[in-house]
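Peer 1: got a structure for you, letters missing:
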Ligand SMILES: Cc1cc2nc3c(=O)[nH]c(=O)nc-3n(C[C@H](O)[C@H](O)[C@H](O)COP(=O)(O)OP(=O)(O)OC[C@H]3O[C@@H](n4cnc5c(N)ncnc54)[C@H](O)[C@@H]3O)c2cc1C
């Protein structure tokens, strides 16, 4: 028996076994041989989910040895990749082929199947989540059977499987729709909170990628935009190091610890930090510009709300936090994601804004997250599957028009509940 923990340290488990198949044939025979009596089979990506999606006392499967590009097609701009490939490794491999992901989240440590499986997203009013970049996939089912699907081949399964967090089977490979490799210009600047909310539609439409960070006790937001450019890569200089290591990580760590022991400091330090946000520009290959380094560990809740609800939701969060004087220092991150057609995607048939709240990992998040979650729910918010939330089957059925169709398909594919751990049983209200 060995132990496993997620990135934030909140989720820990002791799987009876961690299997690391290095081929699809190995994965198929693993699933053929393992039975439900030996406990749930859960696939781990890079362990960056905050919810106990991966936790098991049975068999944990890691696809770290099933990694790399299977093939690519210059004519369609697609590449098939093994599911265990991390986004970090994928970037340079695709660049060597003259290709790149259309959009990414703000770190690149995830396994591609882990990111796809939870609807991981970056930002961009017209851009979908990473899961929408998948044009085909191979799933290994509970009996070890291998099933290929796409929009043309078993479309229902394709719409269910892209965001299914390992509840239908194990993804072994993904075909990705890519674009020719490109450079991005990143710009960061500060804006008054009220002005950002008033100009939201204009700001979101003006850049391919628009997002902002907001310290809830402050009246300033830190805007970040990314735009494709033909300009040359800027050399990494002292100011890049200053922004990333000192402001985004060093000051965050120092102030988080100060606030942990002297909670009233959250208010003045939050106001100060908002104003200290970096004002900078840099240019680089897309896979180098998208990710940031996140060295300070935290726990996170994120909901997708209808885009028009973002200003009200943020003002309600400000009123809640300030009236209760909640000691929170970490910034709130707001992004844009386009609607899609994936059954359990938080963005299903709805152009969305995402609101992410964080709490320094050693500190208690309960009162803060409970209050904010009530606000998200009032706005018909849908939770990120990999981030903390308290929703159960009944709540989810009301939020997802295809919920029952997904549950029926899941039961058909996995009648013995091989892939269900206690967290997933709660989500699906499943008995078997
Ligand atoms: C610092 C940090 C920054 C983050 N930034 C963002 C962000 O910008 N945008 C965003 O949307 N999210 C973000 N997240 C959340 C993260 O992207 C998701 O939780 C993602 O699922 C983590 O990927 P992973 O490889 O670590 O997967 P894990 O957390 O290990 O697994 C996630 C789910 O995918 C399933 N899975 C993994 N591999 C397979 C497979 N081969 N077949 C079937 N199922 C599989 C697992 O069983 C599990 O259900 C962030 C998380 C952290 C800790």
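Peer 2: Noted; the coordinates are in hand. A quick note: this is a predicted structure, and the numbers were derived from the prediction, not measured.

Peer 1: tally of neighbours for residue 324?
Peer 2: 11 (other Cβ atoms under 10 Å). All C-beta atoms are positioned from the backbone trio N, CA, C, and that covers glycine.

Peer 1: mind listing what the closest residue to residue 247 other than its chain neighbours touches?
Peer 2: Residue nearest to residue 247 in three dimensions, not counting chain neighbours: residue 278, with 5.6 Å by Cβ to Cβ, 6 or more residues apart in numbering. Contact analysis of residue 278 by Cβ atoms under 8 Å, 6 or more residues apart in numbering lists 188, 222, 242-243, 247-248.

Peer 1: wait, is residue 278 part of a helix?
Peer 2: No: Residue 278 is assigned coil when assessed by DSSP: H, G, I helix; E, B strand; the rest coil, not a helix.

Peer 1: so what's it scoring on pLDDT?
Peer 2: The score at residue 278 is 77. That number is its pLDDT.

Peer 1: which of the contacts of residue 278 lies closest to the ligand?
Peer 2: residue 248 (11.9 Å; Cβ to the nearest ligand atom).

Peer 1: gap between the residue nearest to the closest one when sequence neighbours are not counted and residue 249?
Peer 2: The shortest distance from residue 248 to any residue other than its chain neighbours is 6.7 Å, reached at residue 292 (Cβ to Cβ, 6+ apart). The gap separating residue 292 from residue 249 is 9 Å, by Cβ to Cβ, to the nearest Å.

Peer 1: Could you do residue 52 as well?
Peer 2: From residue 52 to residue 249 the distance is 27 Å (Cβ to Cβ).

Peer 1: Nearest to the ligand: which residue in the stretch 151-300 of the chain?
Peer 2: Residue of the stretch 151-300 of the chain nearest the ligand, by Cβ to the nearest ligand atom: residue 166 (2.9 Å).

Peer 1: Doesn't that residue belong to a strand?
Peer 2: No: according to three-state DSSP, the state of residue 166 is coil, so it is not within a strand.

Peer 1: Let me know whether it touches residue 42 as I believe.
Peer 2: Yes: the pair residue 166 / residue 42 is scored as a contact, 6.1 Å apart, by Cβ atoms under 8 Å.

Peer 1: shared neighbours of these two, which are they?
Peer 2: Common contact partners of residue 166 and residue 42 (Cβ under 8 Å, 6+ apart): 53-54, 419.

Peer 1: Near the ligand, list only the ones from these.
Peer 2: Of the residues in these, proximity to the ligand by Cβ under 6 Å from any ligand atom holds for 53-54.

Peer 1: hmm, who's touching whichever helix in the chain runs longest?
Peer 2: The longest helix of the chain (DSSP state H) is helix 310-324. Residues outside helix 310-324 that contact it (Cβ under 8 Å, 6+ apart) are 193, 197, 200, 214, 216-217, 305, 326, 328, 332, 334, 353, 355, 357, 367-368, 371-372, 375-376, 378-379, 381.

Peer 1: cool, stretch 280-293 as well?
Peer 2: 87-88, 90-92, 94-95, 100-101, 103-108, 122, 181-188, 226, 228-229, 231-234, 236, 239-240, 243-245, 248-249.

Peer 1: Next step: those restricted to helices.
Peer 2: Of the contacts of stretch 280-293, the ones assigned to helices by DSSP H are 87-88, 90-92, 94-95, 239-240.

Peer 1: Most neighbours among these, which one is it?
Peer 2: Neighbour max across the ones in helices among the contacts of stretch 280-293 (other Cβ under 10 Å) = residue 90, 25 neighbours.

Peer 1: how much space is there between that residue and residue 111?
Peer 2: Relative to residue 111, and taking Cβ to Cβ, residue 90 is found at 10 Å.

Peer 1: And residue 299, by the same measure?
Peer 2: For residue 299, the distance to residue 111 (Cβ to Cβ) stands at 21 Å.

Peer 1: Equivalent analysis for residue 358, please.
Peer 2: Plainly put, residue 358 is 22 Å away from residue 111 if you go by Cβ to Cβ.

Peer 1: Compare those two (neighbour count), which wins?
Peer 2: Set side by side, residue 358 and residue 111 show more neighbours around residue 111, with 29 against 26, by other Cβ under 10 Å.

Peer 1: what is that one paired to in the beta sheet?
Peer 2: residue 86 (DSSP bridges).

Peer 1: Could you pull up the contacting residues of it?
Peer 2: 45-46, 63-64, 83-87.

Peer 1: same question, residue 330
Peer 2: 252, 256, 298, 357-360.

Peer 1: Of those residues, which belong to helices?
Peer 2: 252, 256.
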